[in-house]
Each structure stands twice: as structure tokens, then as C-alpha cells.
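>>> Below are the sequence and a predicted model for it; my questions follow.
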Number of protein chains: 2
Amino acid sequence: MGKQFLEITEKKEVEEVIADLSVQIAKKIATKTEKVNVGRALGRIASADIFSPCNIPPFDRSTMDGYAVVASDTFYADESNPSTLIIKGYIPAGEFPSQSQHIEKGYCTGIATGAPVPKGANAVVKVENAREDGDRVKIYKPVAPAENIMPAGSDIKQGEKIIRNGTILTPRETGALAACGINEVLVRKKPSVAIVSTGNELVAPGTHLEPGKIYDVNAQTLSDSVIEMGCVPLFLGIAPDSLEEISAKLKESLITGADVIIISGGTSAGVGDLLPTAIEGLGEIIVHGVDIKPGKPFVLGMVQGKPVFGLPGNPTSALITFNLFVSPLLHTIAGIHSHNDEEDGKRIKKTKRIRAKAAVRIFSEPGRNEYVLVNLTKKIEEENAFFAYPILTGSGAITTLSKADGYIFVGKGKEIIEEGEEVEVELFKYLYSQN
Amino acid sequence: MGKQFLEITEKKEVEEVIADLSVQIAKKIATKTEKVNVGRALGRIASADIFSPCNIPPFDRSTMDGYAVVASDTFYADESNPSTLIIKGYIPAGEFPSQSQHIEKGYCTGIATGAPVPKGANAVVKVENAREDGDRVKIYKPVAPAENIMPAGSDIKQGEKIIRNGTILTPRETGALAACGINEVLVRKKPSVAIVSTGNELVAPGTHLEPGKIYDVNAQTLSDSVIEMGCVPLFLGIAPDSLEEISAKLKESLITGADVIIISGGTSAGVGDLLPTAIEGLGEIIVHGVDIKPGKPFVLGMVQGKPVFGLPGNPTSALITFNLFVSPLLHTIAGIHSHNDEEDGKRIKKTKRIRAKAAVRIFSEPGRNEYVLVNLTKKIEEENAFFAYPILTGSGAITTLSKADGYIFVGKGKEIIEEGEEVEVELFKYLYSQN
């Protein structure tokens, strides 16, 4: 780091700074671990190789309902000339053969699928190929040694690695842990993100609204966006527009041990420099202003090795800058992204962008990197293509956010997107199915 | 319903029965609701239309730093001929103008972005277009009435619908609730799924493994798979292979109020009929046996209006039949699927299938609908195409599951998939990013 921009930074440069920073912080964070019960491990990332403490199966296991035999007793048996064996009882699944059920030539035991094969037996004849008659059974088809038996440890050997460090635990991995009797697993801690709202005018939802005040929106949208990125939000409350109070919140964020700090608000003339000043008092400013609209007053600083993001107070601008700059960092440090890269591309990234056609002419200010909020509509009569309509309510409006499905980027060099032109829409909505 | 199959049913017919059943149950379940704090509402589904209790903004709000004025006082002002107004103090964000700050012609107040516009003022002059001089300010550019003011209620009107019944709550919706000061929201209850493992040989992971016993895997894989489908698992423990005990677990499932019941295990000869018999004692059997491998002993019954799924005990077979038959039902009743359909296709379904090439010849038994487990590898030298390798360990192995990325379907009429042939792989892994 160390580089300090006193001027507006180009978006691309900010992205590069954040990409570098993400990798550094991801390395530090990957070493933070915690033990969790396997029952709560779904979707977490293993933080160590895991080895089986036992053989699976733990014993030679029958894979069929039938008779445990000495294989050579059945050789040459057929329909017209069956082998006849004396039955020494039955072994159901879940019971271990008694000493009296040990098998020698001329004998067998009945056996259930999943039951342990008794000592002396080396194959299992399927029930379809045998017929019981009193204490004897006729075998009509030969079995080779080891047939219909799953030997102890053939699935997983004691000491075998069952899960690699860095693996995301899906039901198949938690199932493998269960199979080995493992109850607890060491996983990476989810990165924690301190969130602070600033603004004299803000009060928390659910409290009384004094004249001149408005409800704080960013605490909610940013906390939920942090959860979507696989991190844990830690809302530290609303700070008034004062250098002292904002500095105090920064220090409180550090004390909580948060890995990342997000502070929103404070972009109007009188208060726009409070956060940068607070950051400089404790660390350094990396970015102060980006060439995008909305989102120009974006701030990035470093305080005691922790990135501090300063987002605009306006909810739409806050969410757009979060998506552009904070979410790539959180995505990487939550370990999901790096995992993607490690696993030969087997993991699939969430779909975040879709192609659409501009439903009308869309104008953008010349010389500006502008993000235009759009609403998507699928037109059946046009082969189900998506059409993007720009949203015309102001960027300060909450309804802008609820109406928008996403935004399109209109670069500096472009002023007009023609009706019907193809655009790429960055979606706000992630894919929900669990939470 | 009411139809009862005594014979092996075709897969397609089972799927149709389950699709019908899903819609019926989804309707019933959509009426079950609960209140949650907005802070815990992310990803949940609103179960009623939600209306704003207040205007947003709650007052006429300045959108700029500048001066609240009577617009007509600024008409015809320019650089050479500014209007001069007397300043009646300053209104910061969060404070309400005092009576002494009410404006009449010839006067103005300083005002911050977000602050309430004082009575009498009808426009805000940007700070860039004014210059202060003692208790007066010179205005160099005219403003039209309403300029730089966001009127009370212009974003959201008191009583306006802000969220539609059935909407999935993303950060943008929870943000809209926060903006309106709403703290609690009525959402659909997540469907609950009772899970029972059966088998004399099973013990819970974390307990001592007596000889002849194995650890229960399905409790873990099925619970986690239920979570992946947006439902709540409720594991009721392991039942031994006895009609009495299995019937008791079925009754217990009903008492818990579970919406769906899953019972795995019990497919060997001696115990294979226990679950169907238990179901018949309390309700009716709909399906008993499907023409697929693995998964042939699949059972579907109805008990007191609740679907009961009987899955094979083998973990791989259990997970494949879960994916084939249980997961479409859970997906629908969790409300995600129907929502997809309602919202003009704006929501994107999770990617569950990918195309790959058979890496080697793959054989299947003739006359069988077979699911072949495969491992996927991306070959860079082949344009990053995915190649599917069949997994050759037995279907009883836990390692089969951990190695498999998914499975391909080989229909009755097909015996061989040639090397290089395109196949569609149904993935086990869902997209993890949060949990």
C-alpha cells in the first residue's frame, strides 16, 4: 500500500488496489479458524485436512441378503447339482457374529445386507441363488472369493484423508464426516465486517421519528449485503457528524476485531471530510474520490491493517459502491472466490450479470462513468429477451432501489445508448434459495 | 391422489405425481406465517402486502448544500446582477427549522443536503451559485420553484404498498422496510421436514461404535440437503428395524407438525416392507418401487395429508432419490420456485446442470433407467470443456459420494455412451456463497 491519492482516482485503478488488498487480507483471514459441530458446518470451508479415525466399513460387510460361505464350497454348483451347506444361524445388520457362527467348510450363516461377514467365510451367496430346507441350504450358483463382500477399510482407510483443507462443505462432505463418526470440524471463521452509519439526521427503524430526522437505511442494506457475501455483519450504530464520534466508532470497530470496516454517510459539504480526517488520524487514506456517478465521494483507507470503506450516505449510491468495491473484496476473503480458482473450475460462480436490450434511448452525461439503474422486463413476443428500462426517480429515492433490478455502466466516452442496443446488466439480486 | 401403485412405477409417472402434490402442499404451506425482525428477514418471503406507515421523505428535503429561498427572489439573477438575500441562520441535516427560520421574500436560510426546507421557501440554490457576505448572500443563478427539493412523500407515500405478498426479501426490500421505520415483517414459515433414519446397525456420529454397527450418514446428508432447499430439517433420531418403532416415529413426525416426512433405510429383504406397512397403518401408499437404479425401493405415501418419502438406506441412493423426487417438492413448497414463475422470469434459477463430454466409454445395464455417478474434470487443452468420468467404486461407498460431482442419466433404451459423446450432468453441488 502506502500510495496515497489526493485526487479523484480512476475506477480501474481503485479496482486494482482492491484486488491486491483482497489477496493480502484473504491470506491473513484464512488462518482464523473455529470448531463447529458438523450439523452446522454446511457451506463452511474446512481449514485443515481431515483424516478418518476409523475404517469404513469398520468390518467386512455383506452387500447382499444371502448366505456367508467358504467360496470353494460353492464351486461347480448349478441348478441340477447344488452344494448343500449346514446353516449356523442368521446374522442381521447391526449384530456381530458370535464365536459359534464362525464358518468352516460345509457350513454357512444366513446374512443380511450390511451385516458383518463371520470369521472363516469369504463370500456371500445371494438369497435368490439358494433354497433353505430345515437347517440346510442348497446353493445353486457358485461365488468367487470376496464376492458380495465389502472389505473393512475398502471405502475409507483409517488415517486416509477424507477432506482437503479449503474444501467447501456440501452435504456430501458432511456425510463423509458423519460416516467416520466425526462430530466437530475445524472451519475458517467467517470474516466479520463492522458497519457504522453516520449522519445527524439518522435514527434507527423502530424508534420514534423526531421532526427533521429520517430512518437509517444503510445499516440494513449493508448488513444484508455483507451476509450475502458470506461474511458476518456487526452493526455498531449511528454516529453523529462529528470527528470525535466517527473516530470513536473507528476505534470501536478495531476493538471488535472486525476484518473490514464500512462507514456510510457524511458526504455533504460540512461533513464530507470527517471520515477521511478520522482515518488519517489512525491510519492512511488510499482513495478519496472515484470518477464514477453515483459514488464519487467513495473513500478507502487502511487503519491497523484493516480496510476502511467510506460509502456515500445515499442508499442507492451506497449499494452501488458496495457492489463495485466492497463486494469483490468480501467475496475473496470469504474464501469462496479463491476456492473457485483452485478447484479446476468445478465450482460455478453465481450469475450476477445478464444481457438485455435497451428498451428506450438511454442518455448519460458526457465525460462521466455513469451507472444507470434499470428495471428488467422479459418480452415474450421478442423471444423472451430481457429489456432494460432506465429508472427515472432520483438517486436519493428508496423506491429507485426497490424498482431497480440492476444497473448498466455507461463509460466516459459514451453519451447515448440507442433503443435496442445490447447492454450488460449487473444484477442487484443474488440467487436466493437458502439463508 | 388416491391412486395406489402395487407395482414398480415409471420414473416419469412418479415425477408427475410429485409435481401435483407439490402444488397442493405449497398452497397449504403458503398460509403458515411468522413475524421476524427485519434484521433476520433476508431471503425470506413476504406473506402479506406491506404498506408504508409514513411519508418518505417525511418532510420537504433539500437535495443540495445551499440556500433555501423563495424562488421568485432569484429570477433574472446572473453573474453581473446577483440577487441579495438576508440569511436567517443555517439548517443542518437532522434539525427541524425553528419558527424564526420561516422564510419570506428577501430572506433565506443556509441549508445542508438532507435537511428540511423551512416554511415559506420553495427552492434551494446550490452553494456553488452563491457567495456569503456577512449576514447576506448573493445569488448568481436563478432557481425554479421546487428545484433541489424532494417533496414529502415523493419517494414513498404514507399508505403506499412497498412490498408485494410473495416477494423474496433482498437487501433492497429490507432497506425499503428500514426506510419506512418498519422493524418486523410477516413472512412465510419455512417448511419443516422431519427426518428419521432406520436400521439396527446405525449409531449417531460422535457416539461409540459397537462391533457390527456403522455411523448413520443419511441424517447428516438429508438434513443438509433439506437446508439447501430452503427448508428446516428436524432430525427425530434412529429407529431400529421394527414396525412398532417405525410407526412410532411416523406418529412423532406428525405431532411435530412437520410438513414433509423423510425416512431412510430398511431396504434389505427382512425389513424392506416395514415402512410401507407402517404407512398403510396410518395412511396410504402412493408409490412403492420406481424403475431406476439406484433408487428402485423408493416409497411415497401420504399420512394425514403429509407426504412421507421412503428413501434407500445406502447414502448415495438416498441422495440421488432425494435429488430426483424430494428436492423438486421442497423447492416448490419453499416458495422459491413458484415465485420464479410469478415474477416474469426476473429471478434466475440456480444452475444445477452442466454439459460435459464422456471421458471414456460408459456402460449401462440394458433395460434400466440408470444413474451413473461421474467426476468432472476441465481440460484446458480442449477449450476448457468438462469431461465426465464414471466413478467405479460401488454405490455403497461413502467415497463414491465425495468423489462424484454429479450423475448422468442413461435411459432404458441406451446401453453405451461413447467416449466424447455429450452428456448432461446433474450436479450435486449447489452454489455456495452464504449459509
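Happy to help now that I have it. Numbering: from 1, shown residues only, chains lettered A, B, ... in the order given.

>>> all contacts plus neighbour counts: C-alpha atoms, from now on.
Will do.

>>> Need the per-residue pLDDT for the residue in the stretch 101-250 of chain A positioned nearest to chain B.
Nearest to chain B, among the residues of the stretch 101-250 of chain A, is A:Glu201, at 3.3 Å (CA to the nearest CA). In this model, A:Glu201 is scored at 94, pLDDT.

>>> Surely it is in contact with A:Leu209?
No. A:Glu201 is beyond contact range of A:Leu209, at 9.9 Å (criterion: CA atoms under 8 Å).

>>> out of those two, which sits in the more crowded spot?
A:Glu201 (24 against 16; other CA atoms under 10 Å in any protein chain shown).

>>> From A:Ser242, how far off is that one?
Using CA to CA, to the nearest Å, A:Glu201 is found at 13 Å from A:Ser242.

>>> What average pLDDT does stretch A:352-371 get?
Per-residue pLDDT over stretch A:352-371 has a mean of 87.

>>> Check whether that stretch comes near chain B.
No. For stretch A:352-371, no contact with chain B is found by CA under 8 Å from any CA of the partner chain; the gap never falls below 9.5 Å.

>>> residues in contact with the lengthiest strand in chain A?
When chain A is scanned for its longest strand (criterion: DSSP state E), the result is strand A:369-379. Contacts to strand A:369-379, defined as CA atoms under 8 Å, 6 or more residues apart in numbering or on different chains, come from residues A:291-294, A:356, A:364, A:384-391, A:400, A:403-412, A:425, B:344-346.

>>> Can you mark which positions in whatever helix or strand comes next after that strand are buried?
Sequence order places strand A:385-390 as the next helix or strand after strand A:369-379, per DSSP states H and E. Buried residues in strand A:385-390, counting neighbours by 16 or more other CA atoms under 10 Å in any protein chain shown, are found at A:386-390.

>>> Closest one to chain B out of the residues you listed, please.
Scanning the buried residues of strand A:385-390 for proximity to chain B, where the rule is CA to the nearest CA, the winner is A:Phe386, at 8.7 Å.

>>> Quick check: the closest one touching A:Ala356?
Yes. Contact status for A:Phe386 versus A:Ala356: in contact at 4.7 Å, counting by CA under 8 Å.

>>> And for A:Ala144, nearest residue in space, chain neighbours not counted?
Nearest non-adjacent residue to A:Ala144, counting by CA to CA, 6 or more residues apart in numbering or on different chains: A:Ala71, 5.8 Å away.

>>> Now do the same contact list for A:Pro366.
Residues counted as contacts of A:Pro366 (CA under 8 Å, 6+ apart) are A:412-415.

>>> Which among the residues you listed count as buried?
A:414-415.

>>> Tell me the spacing between A:Ala41 and chain B.
Counting by CA to the nearest CA, to the nearest Å, the gap between A:Ala41 and chain B amounts to 9 Å.

>>> again but with A:Leu330, I slipped
Distance, A:Leu330 to chain B, by CA to the nearest CA: 11 Å.

>>> That residue: how many residues sit nearby?
Using other CA under 10 Å, A:Leu330 has 27 neighbouring residues.

>>> my guess is it contacts A:Met229, does it?
Yes. Between A:Leu330 and A:Met229 there is a contact under CA under 8 Å: 6.1 Å.

>>> CSV please, covering the contacts of A:Pro366 and showing distance to A:Lys189.
Formatted as CSV, these follow (distance: CA to CA, whole Å):
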residue, distance to A:Lys189
A:Lys412, 41
A:Gly413, 43
A:Lys414, 44
A:Glu415, 45
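
>>> between the contacts of A:Pro366, which is nearest A:Gln99?
Nearest to A:Gln99, judged by CA to CA, of these is A:Lys412 at 84.6 Å.

>>> Now do the closest one, the pLDDT please.
On the pLDDT scale, A:Lys412 gets 86.

>>> Against A:Leu324, how distant is it?
In terms of CA to CA, A:Lys412 sits 17 Å off from A:Leu324.

>>> Any stretches of the stretch 201-350 of chain A with poor pLDDT?
A:267-269, A:336-350 (pLDDT under 70).

>>> which residue ranges form the strands in it?
A:202-203, A:214-215, A:232-239, A:260-264, A:284-288, A:292-293, A:299-303, A:306-311 (DSSP state E, counting those that start in this stretch).

>>> Those strands into JSON lines, with extra columns for mean neighbour count and distance to A:Asn129?
Below are the strands of the stretch 201-350 of chain A laid out as JSON lines (neighbours: other CA atoms under 10 Å in any protein chain shown; distance: least, CA to CA, whole Å):
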{"stretch": "strand A:202-203", "mean neighbour count": "22", "distance to A:Asn129": "78"}
{"stretch": "strand A:214-215", "mean neighbour count": "26", "distance to A:Asn129": "76"}
{"stretch": "strand A:232-239", "mean neighbour count": "20", "distance to A:Asn129": "59"}
{"stretch": "strand A:260-264", "mean neighbour count": "27", "distance to A:Asn129": "67"}
{"stretch": "strand A:284-288", "mean neighbour count": "24", "distance to A:Asn129": "78"}
{"stretch": "strand A:292-293", "mean neighbour count": "20", "distance to A:Asn129": "77"}
{"stretch": "strand A:299-303", "mean neighbour count": "22", "distance to A:Asn129": "75"}
{"stretch": "strand A:306-311", "mean neighbour count": "26", "distance to A:Asn129": "70"}
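
>>> Report the secondary structure state of A:Ala19.
Recorded secondary structure, A:Ala19: helix (DSSP: H, G, I helix; E, B strand; the rest coil).

>>> in its sheet, what does the longest strand of chain A sit against?
Partners of strand A:369-379 in the sheet, by DSSP bridges, are strand A:292-293 (parallel), strand A:385-390 (antiparallel), strand A:406-410 (antiparallel).

>>> so which of these comes closest to A:Val36?
Of the strands paired with strand A:369-379, nearest to A:Val36 by CA to CA is strand A:406-410, at 36.3 Å.

>>> What helices and strands are in contact with the helix or strand that comes right after the closest one?
Per DSSP H and E, the first helix or strand lying C-terminal to strand A:406-410 is strand A:416-417. If contacts are counted by 3 or more CA pairs under 8 Å, 6 or more residues apart in numbering or on different chains; DSSP states H and E, strand A:416-417 sits against strand A:362-363.

>>> counting contacts, what elements does the strand it packs on pack onto?
Judged by 3+ CA pairs under 8 Å, 6+ apart, strand A:362-363 is in contact with strand A:416-417.

>>> which outside residues touch the strand it packs on?
A:358, A:361-364.

>>> Just the buried ones from the residues you listed?
A:358, A:362, A:364.

>>> The first one contacts A:Gly420, correct?
It refers to A:Ala358. Yes. In this structure, A:Ala358 is within contact of A:Gly420 by CA under 8 Å, at 4.9 Å.

>>> sorry, back to before: JSON lines please, covering the strands of the stretch 201-350 of chain A and showing distance to A:Gly66.
As requested, these are exported to JSON lines (distance: least, CA to CA, whole Å):
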{"stretch": "strand A:202-203", "distance to A:Gly66": "73"}
{"stretch": "strand A:214-215", "distance to A:Gly66": "71"}
{"stretch": "strand A:232-239", "distance to A:Gly66": "54"}
{"stretch": "strand A:260-264", "distance to A:Gly66": "61"}
{"stretch": "strand A:284-288", "distance to A:Gly66": "73"}
{"stretch": "strand A:292-293", "distance to A:Gly66": "73"}
{"stretch": "strand A:299-303", "distance to A:Gly66": "69"}
{"stretch": "strand A:306-311", "distance to A:Gly66": "65"}
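
>>> quick check: domain ranges of chain A?
Following automatic domain parsing, one gets these domains for chain A: A:11-32+A:189-342, A:36-56+A:154-188, A:61-150, A:353-427.

>>> Let me have the ones you listed in TSV, adding distance to B:Lys27 as columns.
Converted to TSV, the domains of chain A look like this (distance: least, CA to CA, whole Å):
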stretch	distance to B:Lys27
domain A:11-32+A:189-342	28
domain A:36-56+A:154-188	28
domain A:61-150	41
domain A:353-427	26
